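[1] have a look at this prediction, sequence included:
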Amino acid sequence: NLLKGTQGILVANNTIFESTAALRLRDDLAKQDFGANVQIRNNLFLDGNGLDLWFVNNGGHHTDDTGPGDGKSLQTKWTFSHNWRENKAAADRLGKEWIPPSATDKLLEQIDGLSRNPSSPDLHRPQVGSPLATGGAGGDLPSYVGAVPPGKTAPWDWMKTWKARAR
């Protein structure tokens, strides 16, 4: 019951690269009432080859996987916005286990313009003025999508946002 009734969970401005599942949830927590105001925003999921959500048994071991979960159900409970997802099989894999894109989400077969070289200082950095650099939610969240800010933009001060929302 760790999260039962919890208010204000924010998962924002992450970059997840080459993952078999963008988000993994323990099945006992996923079945509970997470409360109000759960937000998944401004995240960048690159080169995905699996599902958006995957539920695992309490132990969380790969061998304890329980299945893909119900993305449509979570979409009605949580707020998803300004997330960019790259998956080569996206168009033909939308179904119960995929979180259907909101009006502000992007679900694309390929997202161009990012360095994918692990030794580059610009790894996953959006180009200034590009759609990724301006496609974030804004407000108390960054106007860019993903973990890395464009150009010489200062990184998001998540602690400041957290403190302001906790009041």
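    Right, received. Where do you want to start?
[2] check contacts around the closest residue to residue 122 other than its chain neighbours.
    Sequence neighbours aside, residue 115 is the residue nearest to residue 122 in space, at 4.5 Å (criterion: C-beta to C-beta, 6 or more residues apart in numbering). C-beta coordinates here come from the backbone N, C-alpha and C atoms, glycine included. Contacts of residue 115 were listed using C-beta atoms under 8 Å, 6 or more residues apart in numbering, and they are 122-125.
[3] quick one: buried residues of stretch 109-127?
    The neighbour-count check on stretch 109-127 (16 or more other C-beta atoms under 10 Å) flags 111, 114, 124-126 as buried.
[4] tabulate those residues (JSON lines), appending distance to residue 86, pLDDT and secondary structure.
    Putting the buried residues of stretch 109-127 into JSON lines (distance: C-beta to C-beta, whole Å; pLDDT from 0 to 100; DSSP: H, G, I helix; E, B strand; the rest coil) gives the following:
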{"residue": "111", "distance to residue 86": "5", "pLDDT": "89", "secondary structure": "coil"}
{"residue": "114", "distance to residue 86": "9", "pLDDT": "87", "secondary structure": "coil"}
{"residue": "124", "distance to residue 86": "11", "pLDDT": "94", "secondary structure": "coil"}
{"residue": "125", "distance to residue 86": "16", "pLDDT": "95", "secondary structure": "coil"}
{"residue": "126", "distance to residue 86": "13", "pLDDT": "95", "secondary structure": "coil"}
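[5] residues contacting residue 38?
    Counting by C-beta under 8 Å, 6+ apart, residue 38 has contacts 9, 77-79.
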